[in-house]
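# The sequence isn't on hand, but the structure is:
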């Protein structure tokens, strides 16, 4: 029947259009998901620094993230963020993430954040970086003493080795105090799979290794 053939053609057309829309949306997400790292790359090139390993185009691994954190991350992609201060890499857990200034909700949903009143990435001192336990910093649960971390700034790349791990109360801010040696302190809420507002903090302290490139 003629009307049945017309209906079939219409169904095929609609189906093809829906598939095309899905492919376009997925491609758009993939391209935008690493925009912050790409902006850092642009800044690096503008400073004419030595060759380096550049971030890939793949979106961040969200396999361990909570559904709520994945949704919050996607919502931040609709807005522009400040220029990244650095890129944090933890090879053991496959983490590569931009470091933005501040620890507000937008910043920690989008990336990880530099903690106010601590040394800035690339400076000598104790650099504090916060991240969500159900997002970028979920993998900290698998970090142990001796693991290697990298922090790359516009000045160069520094290598750190995990020296200590603590579980502290929120008011125990002494972990962010200045240190005699250049250090990197990562902070996330704890327990990692706690339902609701986690009552404690998981702190990873890493000490900079001699021979790292960049500022002393």
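The structure has been received and is ready for your questions. Computed from a predicted model, the values in this text were never measured in an experiment.
# any chance you could map the strands in this protein?
Ranges of strands in the chain, per DSSP state E, are 86-90, 95-101, 112-114, 126-130, 148-153, 156-168, 183-190, 200-208.
# Not counting its own residues, what contacts stretch 173-193?
Stretch 173-193 is touched from outside by 115, 117-119, 124-134, 137-138, 140-141, 149, 151, 158, 160, 163, 166-168, 197-208, with contacts defined as Cβ atoms under 8 Å, 6 or more residues apart in numbering. Where you see a C-beta, it was placed from the backbone N, CA and C, and this is true even at glycine.
# average pLDDT for that stretch?
With pLDDT averaged residue by residue, stretch 173-193 scores 96.
# and if you look at stretch 37-54?
What stretch 37-54 shows for mean pLDDT is 54.
# quick revisit: filter the contacts of stretch 173-193 down to the buried ones.
Neighbour-count burial (16 or more other Cβ atoms under 10 Å) applied to the contacts of stretch 173-193 gives 115, 118-119, 126-134, 137-138, 140, 149, 151, 158, 160, 198, 201-208.
# need the contact list for residue 207.
By Cβ under 8 Å, 6+ apart, the contact set of residue 207 is 160-161, 163, 181-184.
# closest one to residue 78 among the strands of the chain?
Closest approach to residue 78 among the strands of the chain (Cβ to Cβ): strand 95-101, 16.1 Å.
# Now do that closest one: distance to the chain's middle.
Distance of strand 95-101 from the chain centroid (Cα atoms, centre = their mean, to the nearest Å) equals 4 Å.
# Just checking: what are the partner strands of it?
Strand pairing for strand 95-101, determined by DSSP bridges: strand 86-90 (antiparallel), strand 112-114 (parallel).
# returning to that earlier point: considering the contacts of residue 207, which possesses the most neighbours?
Highest neighbour count within the contacts of residue 207: residue 184, with 27 neighbours (other Cβ atoms under 10 Å).
# Quick check: bridge partners of it?
Taking DSSP bridges as the rule, residue 184 bridges to residue 127, residue 206.
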